[in-house]
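Q: following is a predicted model, sequence given first.
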Amino acid sequence: MTLEKITLFDTTLRDGQQTPGIDFSVEDKIAIAAMLDDFGFDYVEGGYPGANPTDTTFFSKKRTQKAGFVAFGMTKRAGISASNDPGLSQLIQSKADAVCLVAKSWDYHVKVALGCTNEENLESIRDSVKAVVEAGKLSMVDCEHFFDGYKANPAYALACAKEAYQAGARWVVLCDTNGGTQPPEIRDIVSAVIASGIPGSSLGIHAHNDTGQAVANSLAAVEAGVRQIQGTLNGIGERCGNADLVTIIPTLCLKETYSSRFETSIDREKLVGLTRLSRAFDELLNRSPNHQSPYVGGSAFATKAGIHASALLKDPKTYEHVEPESVGNFRKVMVSDQGGKANFLNELKRRGITVAKDDPKLDTLISVVKEREASGYAYEGADASFELLALKTLGTVPDFFAVESFRVMVERRFDSHGRLKTVSEAVVRVIVDGETVMSVAEGDGPVNALDIALRKDLGKYQSEILDLELADYKVRILNGGTEAITRVLIESTDATGARWWTVGVSENIIDASFQALMDSIVYKLMKNRELAGQIAAE
């Protein structure tokens, strides 16, 4: 049986750049384009040459080796010929292999946004597509607001799509620009488009996630006959984001209802790199990955309840819809107050910590974890702190250093210019090899000052922690009132790219932070000696 090809079109660098808080530099775009190209996408849309200096510079060279390099831009303006439209000229003159033209397909937008007649808009679509084709570039048209336009005036929306197709567009992409269309509507409207004479092999879907259904809508379009899917890495995009290709790709590849009928440019071997791609992209954006992302999230194949863990150990299929290894992820049986002995044995085994099921130290560890979690600790989110606790309970952890005392002061005062300032200062006394070292540091806040002071001088271990960085710091108040219990979770990283999480709990936020900081440093020293880190540093 011959499988039909589903073409994958990535618009991370164009539509994804509209995400609030994201602003790619030229260097960022070059790096991301290389990642996408290497992974195997069919098309990589890089942006809008002529719209801003970054995109214009980016399109001064071809940035992909295998993927089609796509420039995005508007059709020509009404009243101006295609050859005299400066915006269209920049698209054609760019180093792109293909041009994706955005065209209005809702008559309401033609009147309000473009201020021209319906016929003038059709002429702009037709002449722009022909200009791109005549320039030797592959032409695509994003029919903006197509589904809303179809519901308002189906004849005109279809006329826009047909005009693009008949003028020579290789792909006519139906866009759910406002993200409000539902899957049954997507199926019905796509079917109507195909019945009107545009083959599904020339149709694409571009779905936004405003009702949380961008992935579902993309797959509904495929069921109806569409053969190109547009989306972004990790679903980034304006408002609620775009269709998440990181979810769509493994669904097409691993779910029999699709894999038995369709193929993509991502084979099983490439699919194993999906989790790495997703997390590398988040790292480039300097943001923490979404732990509950399908397939690639840190919790995607994690289980916490003891009865689930017991079944998983007997047969992973009992609680897993696909093998985590197929997408480069891994199984994670978390330890918590809901976990039984099976959870702990599995977690310890994966960390290379061997302990017999009837070892009394294992019972002690389980008791300590459950007691601590009852008081506010959360080891399921702090792998490094759990590993240190397990090693201390079941074996030994070297006494690298000891903190004799620490003091943090916060002073609010006026400086010499009469400006109000808040200054934090920390003093830490550390014992290394029997010698006491006192360090003093100022910081942006009390925790920052304490962190700097603690890591200022660790004697012979100082050089080992120079690459240690705190990547994230989260505080949660566990109950009400000024005497509330506070839980601090710290994410750390080093030059190897490894990340680990540590936790501290106390009525005092500074003390809770100090516990997490201490665990982070000790874990780093253990990791340097290959005494820890097989899993927690994933």
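A: It's in.

Q: name the helices or strands packed onto the longest helix along the chain?
A: Secondary structure assigned by DSSP state H gives helix 509-528 as the longest helix of the chain. Contact here means 3 or more Cβ pairs under 8 Å, 6 or more residues apart in numbering; DSSP states H and E; on that basis helix 509-528 packs against helix 383-394, strand 402-414, helix 446-454, strand 469-477, strand 486-493, strand 499-506. The C-beta positions use only the backbone N, C-alpha and C, and glycine is treated the same way.

Q: list the helices and strands the second one packs on?
A: Where contact means 3+ Cβ pairs under 8 Å, 6+ apart, strand 402-414 is packed against strand 420-432, helix 446-454, helix 509-528.

Q: which helix or strand in this structure has the lowest average pLDDT?
A: None of the helices or strands of the chain scores lower by mean pLDDT, DSSP states H and E than helix 306-314, at a mean of 52.

Q: thinking again about what came up before, and residue 262, which of the helices and strands packed on strand 402-414 is closest to it?
A: Of all the helices and strands packed on strand 402-414, helix 509-528 sits nearest to residue 262, with 43.1 Å by Cβ to Cβ.

Q: just want the angle from that closest one to strand 469-477.
A: 140 degrees (axes from the mean of the first three to the mean of the last three Cα atoms, to 10 degrees).

Q: what's the angle from helix 509-528 to strand 486-493?
A: Going by the same axes, to 10 degrees, helix 509-528 makes 30 degrees with strand 486-493.

Q: give the rounded mean pLDDT of helix 509-528.
A: The predicted model assigns helix 509-528 a mean pLDDT of 94.

Q: give the contact list for the closest residue to residue 83 other than its chain neighbours.
A: Using Cβ to Cβ, 6 or more residues apart in numbering and skipping residues adjacent in sequence, the residue nearest residue 83 is residue 131, 7.1 Å away. Going by Cβ atoms under 8 Å, 6 or more residues apart in numbering, residue 131 touches 76, 82, 83, 88, 92.

Q: closest one of these to residue 351?
A: Taking Cβ to Cβ as the measure, residue 351 lies nearest residue 92 of those, at 57.1 Å.

Q: could you list the residues in contact with stretch 16-23?
A: Contacts of stretch 16-23 (Cβ under 8 Å, 6+ apart): 24, 47, 232, 233, 236, 237, 238, 241, 242, 285.

Q: got these as JSON lines, with neighbour count columns?
A: Putting the contacts of stretch 16-23 into JSON lines (neighbours: other Cβ atoms under 10 Å) gives the following:
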{"residue": "24", "neighbour count": "23"}
{"residue": "47", "neighbour count": "28"}
{"residue": "232", "neighbour count": "27"}
{"residue": "233", "neighbour count": "26"}
{"residue": "236", "neighbour count": "24"}
{"residue": "237", "neighbour count": "25"}
{"residue": "238", "neighbour count": "17"}
{"residue": "241", "neighbour count": "22"}
{"residue": "242", "neighbour count": "30"}
{"residue": "285", "neighbour count": "19"}
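
Q: among these, which two are most distant?
A: 47 and 241 (17.7 Å).

Q: can I assume residue 440 sits in a strand?
A: Yes: counting by DSSP: H, G, I helix; E, B strand; the rest coil, residue 440 is part of a strand.

Q: that one contacts residue 426, doesn't it?
A: Yes: the pair residue 440 / residue 426 is scored as a contact, 7.2 Å apart, by Cβ atoms under 8 Å.

Q: overlap of the contact sets of these two?
A: Contacts common to residue 440 and residue 426, judged by Cβ under 8 Å, 6+ apart, are residue 453.

Q: please state the offset of stretch 388-408 from the chain centre?
A: 34 Å (Cα atoms, centre = their mean, to the nearest Å).

Q: buried ones in that stretch, by neighbour count?
A: For stretch 388-408, a neighbour-count test (16 or more other Cβ atoms under 10 Å) marks 388, 389, 390, 391, 393, 394, 397, 400, 401, 406, 408 as buried.

Q: isn't residue 430 right next to residue 456, touching?
A: No: applying Cβ under 8 Å, one finds residue 430 not in contact with residue 456, separated by 9.0 Å.

Q: of those two, which one has the most company?
A: residue 430 (23 against 16; other Cβ atoms under 10 Å).

Q: that one pairs with what?
A: residue 403, residue 437 (DSSP bridges).

Q: one more: residue 232?
A: What pairs with residue 232, by the bridge criterion (DSSP bridges), is residue 244.

Q: if we can go back for a sec, got a markdown table for the contacts of stretch 16-23, with pLDDT and secondary structure too?
A: Listed next are the contacts of stretch 16-23 as a markdown table, based on pLDDT from 0 to 100; DSSP: H, G, I helix; E, B strand; the rest coil:
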| residue | pLDDT | secondary structure |
| --- | --- | --- |
| 24 | 94 | coil |
| 47 | 97 | strand |
| 232 | 98 | strand |
| 233 | 98 | helix |
| 236 | 98 | coil |
| 237 | 97 | coil |
| 238 | 95 | coil |
| 241 | 98 | coil |
| 242 | 98 | strand |
| 285 | 85 | coil |
